[in-house]
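Novice: task: produce atomic coordinates for the following.
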Amino acid sequence: MSKLDALRGKLPRRSPGTPKRSDQERRPARRRNDPAVLAAGEALADAREVFGDVPRGADADQLVRRARRLMRQAALDEFAREGVSLVQLPQQWGRAELRRADVPGDAAFQSFVSEVLAAIDIAPSLLERDDAIELTRAPSSADAYGLSLEVAADLASFLLTRAWRMERGAHAAQAATEQGVGFEAERDRSLPGEEEYVTEQAGRIREEVRTALVRVVTVPLELKEADDKHRRIEERRTGRAEADDSTGTRPRVSAGTGGGRTSTGKAWTAATSSAGEGSTGPADDDGGTEDGAPRRGIAEQVAALNGFATSDTGRKTFEVMRTVGERAFDMYQQREASREDGGGSGAGGSGRTRKRPPSS
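Specialist: The predicted structure follows:
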């Protein structure tokens, strides 16, 4: 027996049923390179960029629940914005009084619910990440109450579209892990299409919105919260309008904001929680200053400062401040010059020169 034959006899042999190592290594690589898996990762990154409260390891179901919370909160904000003043509410808000009043059966309330549901237009979204971010920051997207129904529906469509992509990526990863190559067609048949998936979730969201609106007029605490929010915001708007009329510095109002937002607007970010629902919306600065006066917006403060600066009193004040500053600088130069003359050209010597600032 040759040495080569003896060496071959000592090497361990692989059993026929053991898969080759190359096959085991090929499946994870195939799973990582699957376009559906890559698209799922990008979809989650898009959702987290727009909604900062989405967890890093979120799945498709979490994005769906986030879309439901978003639309439910937008509907409650719409009720506080318009529904409170449209619905005939009883004088007392006890549970028994609300039950006897039968507000859900009121024609005005049913008309309001129908208008809200008609405004919820959820469909497969073509919004990209930067488009969704720009939409959340637009001055016309929200007011002091919260997001408009239309913008909330667009963002919910964005979330549901990303949820479908993540669902497709999960199916692709499972098929690559358990079944291997050749099952892509079967995988696609088991997963509903994008339009079917979004339409199904949209129907569920509308039912949740309807239930939430009926609940808010039957639960005393929730009805009181909506009425208090409406009253606070309207009182703040009325107080600001009266102050602007008295001073003649009414700020320019953006279109589509209901008269409550100035042209600067408030940045709608994903980190702000609204009404304990975990949803994201504009911060509701219901409080005021410590003395009870309504808090002034940035645009109003800028307008007031500009009005003061252009008035005669403001110009005289700035002229006095400039004169005082020049005199103080002259005194400082004289004091430093006397120190340099007495101290010679040491570390703080006369090698340094100082120039007087030019007067405007």
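
Novice: skip the chain neighbours and tell me the closest residue to Ala309.
Specialist: Excluding the flanking residues, the one nearest Ala309 by C-beta to C-beta, 6 or more residues apart in numbering is Phe318, at 7.2 Å. (Glycine included, C-beta is placed from N, CA and C.)

Novice: next, count neighbours for the one you found.
Specialist: 13 (other C-beta atoms under 10 Å).

Novice: please apply the same query to Ala328.
Specialist: When neighbours are counted by other C-beta under 10 Å, Ala328 registers 10.

Novice: which helix or which strand is home to it?
Specialist: Applying DSSP states H and E as the criterion places Ala328 in helix 312-343.

Novice: what's that helix packed up against?
Specialist: Contacts defined by 3 or more C-beta pairs under 8 Å, 6 or more residues apart in numbering; DSSP states H and E place helix 312-343 against helix 298-310.

Novice: for the record, mean pLDDT for the helix it packs on?
Specialist: Here helix 298-310 scores 69 as its mean pLDDT.

Novice: could you do stretch 334-346 as well?
Specialist: Within the predicted structure, the mean pLDDT of stretch 334-346 is 70.

Novice: and if you look at stretch 194-210?
Specialist: When pLDDT is averaged along stretch 194-210, the result is 95.

Novice: for that stretch, C-alpha coordinates in PDB please.
Specialist: Output of stretch 194-210 as PDB, limited to C-alpha atoms (Å, rounded to 0.1, in the frame of the first residue of the first chain):
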ATOM      1  CA  GLU A 194     -49.500  45.600  -1.800                       C
ATOM      2  CA  GLU A 195     -52.800  47.100  -2.800                       C
ATOM      3  CA  GLU A 196     -54.800  44.300  -1.200                       C
ATOM      4  CA  TYR A 197     -52.700  44.400   2.000                       C
ATOM      5  CA  VAL A 198     -53.100  48.200   2.400                       C
ATOM      6  CA  THR A 199     -56.800  48.200   1.500                       C
ATOM      7  CA  GLU A 200     -57.500  45.500   4.200                       C
ATOM      8  CA  GLN A 201     -55.600  47.500   6.800                       C
ATOM      9  CA  ALA A 202     -57.300  50.700   5.800                       C
ATOM     10  CA  GLY A 203     -60.800  49.100   6.400                       C
ATOM     11  CA  ARG A 204     -59.700  48.100   9.900                       C
ATOM     12  CA  ILE A 205     -58.400  51.600  10.600                       C
ATOM     13  CA  ARG A 206     -61.700  53.200   9.500                       C
ATOM     14  CA  GLU A 207     -63.600  50.900  11.900                       C
ATOM     15  CA  GLU A 208     -61.300  51.800  14.700                       C
ATOM     16  CA  VAL A 209     -61.700  55.500  14.000                       C
ATOM     17  CA  ARG A 210     -65.500  55.100  14.000                       C
END
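
Novice: strands of the stretch 151-300 of the chain, residue ranges please.
Specialist: When secondary structure is read from DSSP state E, counting those that start in this stretch, the stretch 151-300 of the chain shows strands at 273-274, 279-280.

Novice: where's Ala163 relative to Ala172, distance?
Specialist: Computed with C-beta to C-beta, to the nearest Å, the distance linking Ala163 and Ala172 is 15 Å.

Novice: check Arg48 too.
Specialist: Using C-beta to C-beta, we find Arg48 at a distance of 21 Å from Ala172.

Novice: how about Val84?
Specialist: For Val84, the distance to Ala172 (C-beta to C-beta) stands at 48 Å.

Novice: in stretch 306-318, what's buried?
Specialist: Applying a neighbour-count criterion of 16 or more other C-beta atoms under 10 Å, stretch 306-318 contains no buried positions.
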